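**Q** Give me coordinates for this.
(4 chains)
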Number of protein chains: 2
Amino acid sequence: MSNTMKKVTITDVARHAGVSIKSVSRVINDEPSVRPALKAKVDQAVAELGYRPNFAARALAAGRSFFLGVLFDNPSASYTLQVINGAYAACRAAGYQLVIENIDAAARDVSAQMEDILHSSRLDGMIVTPPACDSEAVLTALETKGLPYVLLAPGHEEPGASSVASNDAAGVFELVRHLWGLGHRRFGLINGPATHGASHWRREAFLNALAERGADPATVVMADGEFNFSSGIGAGLHILRQTPRPTAIFAQNDDMAAGVFAAAAQLGIKIPDDLSVVGFDDSWIAKSVWPELTTSRQPIWEMTEAAVQLLLNRRKGEKGGNQMFECTLVARGSTAPPRG
Amino acid sequence: MSNTMKKVTITDVARHAGVSIKSVSRVINDEPSVRPALKAKVDQAVAELGYRPNFAARALAAGRSFFLGVLFDNPSASYTLQVINGAYAACRAAGYQLVIENIDAAARDVSAQMEDILHSSRLDGMIVTPPACDSEAVLTALETKGLPYVLLAPGHEEPGASSVASNDAAGVFELVRHLWGLGHRRFGLINGPATHGASHWRREAFLNALAERGADPATVVMADGEFNFSSGIGAGLHILRQTPRPTAIFAQNDDMAAGVFAAAAQLGIKIPDDLSVVGFDDSWIAKSVWPELTTSRQPIWEMTEAAVQLLLNRRKGEKGGNQMFECTLVARGSTAPPRG
DNA sequence: ATATACCCCGACAGCGGTGTCAGGCTGAGA
DNA sequence: TCTCAGCCTGACACCGCTGTCGGGGTATAT
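**A** Model (predicted):
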């Protein structure tokens, strides 16, 4: 093991193994056509010396940085952190480093921000999270810079772009099946902001699923939110003051669903006795309310790992693809049969 | 501006400005003894060519990486993200990159994990967040590697180490003053885990503040939590079932305070009418409950920025220091005079 | 005008790897 | 046994920037 502190370089390894530095380099990089015997010698020397390649030197010589970036726009705590964790794990496993980048896609100077980010940190690739992945300016910047990127849950079909998405529609269908099965017939729906693609397709999926069961979509009480807690309160209050009051509310993400809890508390409405609530994402907040929130789990971790893989594969010349992940129903305490 | 795409190197700038590359380097690095006229020429050339120094080359030549790490152990969403954001901003401002590192300080192989992290990513410094900052193994690894580090809210006095802390005691005193002023006399206290230094001193501060006002600390109903939501529920239930029931509960962080909300809801206890609740940190969850949580704001952003500065200054040979930040009371809807 | 410091600036050698390319070794075919 | 691919391996330049150090310029004193 590495008793040796202080920088061991490739030259040391080469000398120790009695081969050339280039050969060591080949072994390190898993290049083809390296005879097993050579590889063994080198591997042993590496182990004995505790050698670790120097990032900077590799980056400089190879012209790549071994850095992958994740671009965030809306730092919604739970979602963001899940993405970070997933990407982090995948990166480390691949010998890459993860760097976080933030922009404000709503601002006027998006292009300048992107220019700045892309220029200053020489990334090998970038994962673009919603809603940045739907920003024209962001994609253009990426494109002109020629940086490989993969879109996470993009709201639109980008011709040649790689993407990783979740089957939200199926997830929503499950949710509806669940609620319908419990006996609910009067529904409330809280949409997300129009800038997020998810807002559209989750709404469509919800209304379609209802229609499929013979319900009249026109009876659904809708309200708009911002994918955050406080907007959920407002939307929740709006919906819960309708007559007849819905017995179940679908909030398009967990944060807004939590807001509905607050709204219900204010109005003295008990969950799940008087009202069932479902969210979407199964983010951290879903288990931070009481009763815990029934929701549809989006496999964010897996999706992010896939995104990293896509990025790495593109380096090897492979074409990017479009992967789809399934959402799964997570039934918790916030849903129950309607009373009466 | 930079119409020019494709790598502009320091050589290009030097040629364009009619100076040597070393002079450009000097200007870039703000080295002393550079005549204004020279600096002006270089700056102009840099601007005209849209030059950005290459990270890898700088890192390789200078023997530093321009990377700062933040070490996390307990990915408590809100806290973690606030730290990341603060550190991110400070890093970018200083021309550094931020890399996130996770470990499991409770695991047996902490040393191996640290070894791995420290070896593979050649950081220039590291910010160590709680509770990792109190892990013997972590600090030892840092020390033997000789990597500059700064402790964020450490639970103990580490002789030569730099640290940034918040004045939790004062924050807790404020909280007590607030509750006492409202008329509360029977209190509940939810502690954090023993591995966190904060658990100890927040408890002491709370009991002292009460004693100072003539209350008998022995009447305080205590329960232990884990600094997370669900443990807050359990602790809350425990406390709220006591007779006589406390009229106010201090949970040592916001997550557990939110748990108390859930516990109260289960027992049909109304906040703030029947029970006042206060937390600590003013993290994201404080505004994700209803009524919003009265808490003590810990200036995490500022603290993190300070930590980065400390790290950067140490590079310049300055000695590290120990900075202290004040906590401020944030009165929201979860506190009110006790009923009756 | 000349000497004496002092202050700037430039030439050059690496930092630690990787890409290129030529040469050596291997095994198959004659 | 000799020839000729074909597969491995090694020598070397170079990626873009910074540290060192010596030379030249500038200002001040004489």
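**Q** can I assume A:Val150 sits in a strand?
**A** Yes - according to DSSP: H, G, I helix; E, B strand; the rest coil, A:Val150 belongs to a strand.
**Q** Quickly list the domain ranges of chain A.
**A** For chain A, automatic domain parsing gives the domain ranges A:10-53, A:65-166+A:300-326, A:168-298.
**Q** In terms of mean pLDDT, which of these ranks lowest?
**A** Lowest mean pLDDT within those: domain A:65-166+A:300-326, a mean of 86.
**Q** right, quick check: that domain against DNA strand C, any contact?
**A** No - judged by CB under 7 Å from any atom of the strand, domain A:65-166+A:300-326 stays clear of DNA strand C, getting no closer than 9.7 Å. Every C-beta, even on glycine, is put in place using the N, C-alpha and C of the backbone.
**Q** Same check on stretch A:21-33?
**A** Yes - using CB under 7 Å from any atom of the strand, stretch A:21-33 reaches DNA strand C at A:21-22, A:24-25, A:28-29.
**Q** now, which of these lie within helices?
**A** A:21-22, A:24-25, A:28 (DSSP state H).
**Q** For DNA strand D, tell me which of those residues show up nearby.
**A** Applying CB under 7 Å from any atom of the strand to these, those adjacent to DNA strand D are A:21-22.
**Q** picking up where we left off before, so which of the domains of chain A is the most surrounded?
**A** Among the domains of chain A, domain A:168-298 has the highest mean neighbour count (mean count of other CB atoms under 10 Å in any protein chain shown), at a mean of 21.
**Q** Which parts of the stretch 201-340 of chain A are strands?
**A** A:221-224, A:248-251, A:276-278, A:295-297, A:322-325, A:328-330 (DSSP state E, counting those that start in this stretch).
**Q** out of these, nearest to B:Gly50?
**A** strand A:322-325 (34.2 Å; CB to CB).
**Q** in its sheet, what does that closest one sit against?
**A** strand A:162-166 (parallel) (DSSP bridges).
**Q** Could you give the separation of the partner strand from the chain centroid?
**A** Between the centre of strand A:162-166 and the centre of its chain there are 9 Å (CA atoms, centre = their mean, to the nearest Å).
**Q** Leaving out sequence neighbours, find the closest residue to the residue in the stretch 101-250 of chain A that chain B sits nearest to.
**A** Chain B sits closest to A:Phe229 of the stretch 101-250 of chain A, with a gap of 4.3 Å, by CB to the nearest CB. Once flanking residues are discounted, A:Phe229 sits nearest to B:Ser288: 4.3 Å by CB to CB, 6 or more residues apart in numbering or on different chains.
**Q** how close does the one you found get to B:Asp282?
**A** Here B:Ser288 is placed at a distance of 12 Å from B:Asp282 (CB to CB, to the nearest Å).
**Q** Same check on A:Thr219?
**A** Between A:Thr219 and B:Asp282 the computed distance is 41 Å (CB to CB).
**Q** A:Ser20 now?
**A** On the measure of CB to CB, A:Ser20 and B:Asp282 end up 59 Å apart.
**Q** which element is the residue of the stretch 1-150 of chain A found nearest DNA strand D on?
**A** At 2.8 Å from DNA strand D, A:Ser33 is the closest residue in the stretch 1-150 of chain A, using CB to the nearest atom of the strand. Using DSSP states H and E, A:Ser33 sits in no helix or strand.
**Q** A:Ile127 now?
**A** strand A:125-128.
**Q** I figured A:Arg56 hits B:Ala62, correct?
**A** Not quite, residue A:56 is Ala, not Arg. No - the criterion here is CB atoms under 8 Å, and A:Ala56 misses it with B:Ala62 at 9.1 Å.
**Q** Compare the two and say which one has the larger neighbour count.
**A** A:Ala56 (25 against 13; other CB atoms under 10 Å in any protein chain shown).
**Q** Can you give me the separation between the residue lying closest to A:Phe206 once chain neighbours are set aside and A:Ser166?
**A** Spatial nearest neighbour of A:Phe206, chain neighbours left out: A:Val172 (5.3 Å); criterion: CB to CB, 6+ apart. For A:Val172, the distance to A:Ser166 equals 11 Å [CB to CB].
**Q** wait, is A:Val70 part of a strand?
**A** Yes - counting by three-state DSSP, A:Val70 falls inside a strand.
**Q** Get me the contact residues on the stretch 51-200 of chain A for chain B.
**A** Within the stretch 51-200 of chain A, the residues that sit near chain B (CB under 8 Å from any CB of the partner chain) are A:52, A:54-57, A:59-60, A:65, A:67, A:75, A:77-78, A:80-81, A:84-85, A:88, A:92, A:95, A:97-100, A:102, A:115, A:119-122, A:144-145.
**Q** Helix A:21-28 and the strand or helix carrying A:Ala61, what's the angle between them?
**A** For A:Ala61, the element it lies in under DSSP H and E is helix A:55-62. Note on geometry: by axes from the mean of the first three to the mean of the last three CA atoms, to 10 degrees, helix A:55-62 and helix A:21-28 are set 100 degrees apart in direction.
**Q** Over helix A:55-62, what's the mean pLDDT, rounded is fine.
**A** Rounded mean pLDDT across helix A:55-62 is 90.
**Q** how about it, does it reach DNA strand C?
**A** Yes - for helix A:55-62 and DNA strand C, the contact criterion (CB under 7 Å from any atom of the strand) is met by A:57-58, A:60-62.
**Q** rewinding a little: would CSV of the strands of the stretch 201-340 of chain A with distance to B:His200 be doable?
**A** Listed next are the strands of the stretch 201-340 of chain A as CSV, based on distance: least, CB to CB, whole Å:
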stretch, distance to B:His200
strand A:221-224, 46
strand A:248-251, 40
strand A:276-278, 39
strand A:295-297, 37
strand A:322-325, 44
strand A:328-330, 37
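**Q** show me where the stretch 51-200 of chain A has strands.
**A** Going by DSSP E, counting those that start in this stretch, the stretch 51-200 of chain A shows strands at A:67-72, A:97-102, A:125-128, A:149-152, A:162-166, A:187-191.
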